[in-house]
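Engineer: Got a predicted structure here, sequence first:
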Amino acid sequence: MQPLLQGVLFGLLVAVSLGPAFFSLLQTSVSRGFKAGFFMAVGIALSDISIIALSYMGISKLISNPENQLIVGIIGGIILAIFGLVTFTKRPAKQINDNMADNSIKPSKSLNPLAFTIKGYFLNIANPFLIIFWMGIMSYVSANYGLESKTVISFFSGTIMTIFGTDIIKSFVGNKIKKYLKPKVLIWFNRIVGIILMASAVILISRVLYDLYAV
């Protein structure tokens, strides 16, 4: 039972971190509703599971190479920058026209679950430092419990379930607060999230370049 409980604690640690995925998940829930946020949370969970599985199979040896870290960091930074630019320039024109009378925000009726799942997956996996984090956690599990499949599954089940559960709560909260937001507020919210994502991209690329060329 101890590995499961420690997995839950690590899940809470990840859940409270204010990374790009956190802000994007909240913004998606506010602008598109709870279901959109839910499917994005599914994508985030799937990306975490993918990283954990790769770490378990020993992919850490590949990522530990500084040159490979640079490539992954630049690709991840580009993905974050694209998401940030799209979010920054996103203008909910339909919602503004439909809700000018009561100044409320309503999510669009059209919803593509797969699109939001893919968005959550790649937005989360684009951060190579998250990959390094999961590899570090895998090392922790290995050092303390060994790499028996039952122990690993128990630990990371607690972690992923905790992260997924808190992401659902974030989506629920984002969906609930949207009725208090006027269209202009939503536009500025999109811009702030977009700036955060683009700034994260710049920081990400700068860090991998610094780590590679620092003496």
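Structural biologist: Sure thing, it's come through.

Engineer: Please count neighbours and contacts with C-alpha atoms only from this point.
Structural biologist: Will do.

Engineer: For residue 196, give its distance to residue 90.
Structural biologist: 14 Å (C-alpha to C-alpha, to the nearest Å).

Engineer: Look at the two and report which has more neighbours.
Structural biologist: Neighbour totals were compared for residue 196 and residue 90, and residue 196 leads with 20 against 14 (other C-alpha atoms under 10 Å).

Engineer: Burial check on residue 71, number of neighbours?
Structural biologist: By other C-alpha under 10 Å, neighbour count at residue 71 equals 16.

Engineer: Please apply the same query to residue 150.
Structural biologist: That count, for residue 150 with other C-alpha under 10 Å as the rule, works out to 9.

Engineer: does it sit in a helix or strand, and which one?
Structural biologist: helix 149-177 (DSSP states H and E).

Engineer: So which bits of whichever helix or strand comes after that helix are buried?
Structural biologist: Using DSSP H and E, the helix or strand that follows helix 149-177 in sequence is helix 183-213. For helix 183-213, a neighbour-count test (16 or more other C-alpha atoms under 10 Å) marks 183, 186-187, 189-202, 204-206, 208-209 as buried.

Engineer: Stretch 84-91 now?
Structural biologist: 84, 85, 87, 88, 91.

Engineer: Distance from it to the middle of the chain?
Structural biologist: Distance of stretch 84-91 from the chain centroid (C-alpha atoms, centre = their mean, to the nearest Å) equals 17 Å.

Engineer: who touches that stretch?
Structural biologist: 187, 190, 191, 192, 193, 194, 195, 196, 197, 198 (C-alpha atoms under 8 Å, 6 or more residues apart in numbering).

Engineer: How about the contacts made by the second one?
Structural biologist: In this case it means residue 190. Per C-alpha under 8 Å, 6+ apart, neighbours of residue 190: 27, 87, 88, 89, 90.

Engineer: ok, now with 6 Å
Structural biologist: 87, 88 (C-alpha atoms under 6 Å, 6 or more residues apart in numbering).

Engineer: Check the third one too.
Structural biologist: Residues near residue 191 by C-alpha under 6 Å, 6+ apart: residue 88.

Engineer: what pLDDT does it get?
Structural biologist: At residue 191, the model reports a pLDDT of 85.

Engineer: picking that back up, list the buried ones in the helix holding residue 150?
Structural biologist: Those would be 151-152, 154-160, 162-175, for helix 149-177 by 16+ other C-alpha under 10 Å.

Engineer: ok so, going back, rebuild the buried residues of stretch 84-91 as a markdown table, extending it with distance to residue 23.
Structural biologist: What follows is the buried residues of stretch 84-91, written out as a markdown table (distance: C-alpha to C-alpha, whole Å):
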| residue | distance to residue 23 |
| --- | --- |
| 84 | 11 |
| 85 | 14 |
| 87 | 11 |
| 88 | 12 |
| 91 | 17 |
